[in-house]
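1. got a predicted model here, sequence first, then my questions.
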Amino acid sequence: MKVLITGANGLLGQKLVKLLLDKGEEVIATSHGKSRLDYLEQSFEYARMDITQQAEVLEVIQYYQPDVVVNTAAMTNVDQCETAREECRQLNVDAVQYLVDACRLSGSFLVHLSTDFIFDGEAGPYTENDPAKPLSYYGQSKLDAETIVQDSGIDWSILRTVLVYGITPGMSRSNIVLWVKSSLEEGKELKIVDDQWRTPTLAEDLAMGCYLSAAKRAQGIFNISGKDMLTPYDMAMKTCDYFELDKAKITKVDGSTFTQTAKRPPKTGFVIEKARLVLGYEPVSFDEGIQILDTQVRDLAV
Ligand SMILES: NC(=O)C1=CN([C@@H]2O[C@H](COP(=O)(O)OP(=O)(O)OC[C@H]3O[C@@H](n4cnc5c(N)ncnc54)[C@H](OP(=O)(O)O)[C@@H]3O)[C@@H](O)[C@H]2O)C=CC1
Ligand SMILES: Cc1cn([C@H]2C[C@H](O)[C@@H](COP(=O)(O)OP(=O)(O)O[C@H]3O[C@@H](C)C(=O)[C@@H](O)[C@H]3O)O2)c(=O)[nH]c1=O
């Protein structure tokens, strides 16, 4: 199948390009900047596509006529979304309408990425049928995008995920395992919350979820996350254990002392039985995920 990926320079984007190439699929990687994928050995197309530019979206998708479009691109800095709301809306909502309209013309199946932050975190872990009630503007933007996709009349799947971790070259943002590891290696002290609950997701598992839903053209909403319910403090302790870092540098705090611009849902996490049953999705444990990440850190350090 011919798959066009938006935001292909991102954490999920890079993992998905690699996975699809390893599977022998035809890949059109796109993003709004220049490619950060030239380390990959296999050949694939790269095209600039700023998804906030409607004409560009239409032109690129009409030109390539992909079987599947995977929309990974988004404004993913939750605190920045709270203050830069217009920019967040343009990228996380308006652009999704442009992608839907283009997919309708090309007949492409759309795989759209969404988040646990559409929930208020009062009743986690969540299934695909639970009512959404976002607390942040980021969460609201991702929920509005889901509505656009669900009301589109095209063929689509929405993959919701949680706290993605992993490593790729040229990352535009960090993630919990990496910033805990690098902060402690630099001798910094950390305050880490123990009152938020997540099912953290290895980027490779999320990429596999995208591949499975695309290959099966599986219609509907699927929870694609890790399987361990942990707090950020638990994750930090596990990171310290694995990388033999100094736990004394980490202070356990809660939301009363650790304030973030955007309100976080306290307990999310996903029930992933539907993805297991319909897609054959099976994630690694958080401990296995750290091991996988470590081998990649070593490879990148070489
Ligand atoms: N990371 C997480 O913890 C979670 C992520 N998700 C969702 O998963 C998806 C992927 O997340 P993740 O890979 O971590 O995100 P990243 O932030 O790593 O990647 C997003 C990519 O989108 C690109 N981008 C930004 N603006 C545009 C634009 N105008 N046109 C095209 N591309 C653009 C960015 O480019 P550049 O690198 O140049 O800035 C970036 O590479 C997102 O939809 C996110 O909402 C859901 C739950 C958790
Ligand atoms: C930086 C920092 C974070 N934390 C906690 C807060 C947070 O819950 C957790 C992860 O921190 P972050 O700010 O990276 O995570 P956050 O922005 O909450 O990550 C979110 O990203 C978007 C894209 C999503 O869709 C969500 O699913 C979720 O993954 O670690 C601390 O406890 N101490 C710290 O110093």
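-> That came in fine, so what should we check first? Ligands and ions are numbered 1, 2, ... in the order given.
2. now do the SS call for residue 178.
-> helix (DSSP: H, G, I helix; E, B strand; the rest coil).
3. and it, how far is that from ligand 1?
-> Noted for residue 178: a distance of 12 Å to ligand 1, by C-beta to the nearest ligand atom, to the nearest Å. For the C-beta atoms, the positions are set from N, CA and C on the backbone; glycine is no exception.
4. and what of residue 136?
-> 12 Å.
5. and residue 98, by the same measure?
-> To ligand 1, residue 98 is 10 Å away according to C-beta to the nearest ligand atom.
6. neighbours around that residue, how many?
-> As a burial measure, residue 98 scores 19 neighbours (other C-beta atoms under 10 Å).
7. please apply the same query to residue 117.
-> When neighbours are counted by other C-beta under 10 Å, residue 117 comes out with 28.
8. A helix includes it, no?
-> Yes. Applying three-state DSSP, one finds residue 117 inside a helix.
9. need the contact list for it.
-> Going by C-beta atoms under 8 Å, 6 or more residues apart in numbering, residue 117 touches 78, 134, 135, 136, 138, 139, 142, 264, 265, 268.
10. by neighbour count, which of these wins?
-> residue 142 (29 neighbours).
11. pLDDT value on the nearest residue to residue 44 once chain neighbours are set aside, please?
-> Counting by C-beta to C-beta, 6 or more residues apart in numbering, residue 44 lies nearest to residue 27, which is 4.1 Å off, once chain neighbours are set aside. For residue 27, the pLDDT comes out at 98.
12. now do the phi/psi pair for residue 27.
-> phi -120, psi 130 (degrees, to the nearest 10).
13. please apply the same query to the one 10 residues further on.
-> When read as degrees, to the nearest 10, the backbone of residue 37 gives phi -110, psi 10.
14. ok, residues contacting whichever strand or helix holds residue 214?
-> Using DSSP states H and E, residue 214 maps to helix 203-216. Helix 203-216 is contacted from outside by 1, 3, 11-12, 15-16, 18-20, 23, 68, 70, 72, 109, 111, 113, 157, 159, 161, 164-166, 168, 218, 222, 224-226, 275, 278-281, 283-284, 289, 292, using C-beta under 8 Å, 6+ apart.
15. and the helices in this protein?
-> With DSSP state H, the ranges of helices along the chain come out as 11-22, 54-64, 78-83, 85-89, 95-106, 137-150, 176-185, 203-216, 232-243, 273-274, 286-301.
16. what is the longest one packed up against?
-> This points to helix 286-301. helix 176-185, strand 201-202, helix 232-243 (3 or more C-beta pairs under 8 Å, 6 or more residues apart in numbering; DSSP states H and E).
17. from the contacts of helix 203-216, which would you call buried?
-> 1, 3, 11-12, 15-16, 18-20, 68, 70, 72, 109, 111, 113, 157, 159, 161, 164-166, 168, 218, 222, 224-226, 275, 278-279, 281, 283-284, 289, 292 (16 or more other C-beta atoms under 10 Å).
18. out of those, who's near ligand 1?
-> 11, 12, 72, 113, 161, 164 (C-beta under 6 Å from any ligand atom).
19. take the buried ones among the contacts of helix 203-216 and keep only those in strands.
-> Of the positions in the buried ones among the contacts of helix 203-216, 3, 68, 70, 109, 111, 113, 157, 159, 161, 164, 165, 222 sit in strands, assigned by DSSP state E.
20. which members of those residues are the farthest-apart pair?
-> 109 and 165 (27.6 Å; C-beta to C-beta).
21. okay, and the beta partners of the residue nearest to residue 44?
-> Note on residue 27: beta-bridge partners by DSSP bridges are residue 3.
22. these two touch, right, it and residue 20?
-> Yes. Using C-beta atoms under 8 Å, residue 27 is in contact with residue 20, at 4.9 Å.
23. settle this for me: residue 1 is touching residue 24, isn't it.
-> No. Counting by C-beta under 8 Å, residue 1 does not reach residue 24; the two are 10.0 Å apart.
24. rewinding a little: from the middle of its chain, how far away would the helix holding residue 214 be?
-> 11 Å (C-alpha atoms, centre = their mean, to the nearest Å).
25. same question for stretch 21-35.
-> 16 Å.
26. anything in it near ligand 1?
-> Yes. Stretch 21-35 is in contact with ligand 1 by C-beta under 6 Å from any ligand atom, via 31, 32, 33.
27. tell me the contacts of the residue lying farthest from the centre of the chain?
-> For the chain, the largest distance from the centre (C-alpha atoms, centre = their mean) belongs to residue 248, which lies 30.9 Å off. The contact partners of residue 248, taken as C-beta under 8 Å, 6+ apart, number zero.
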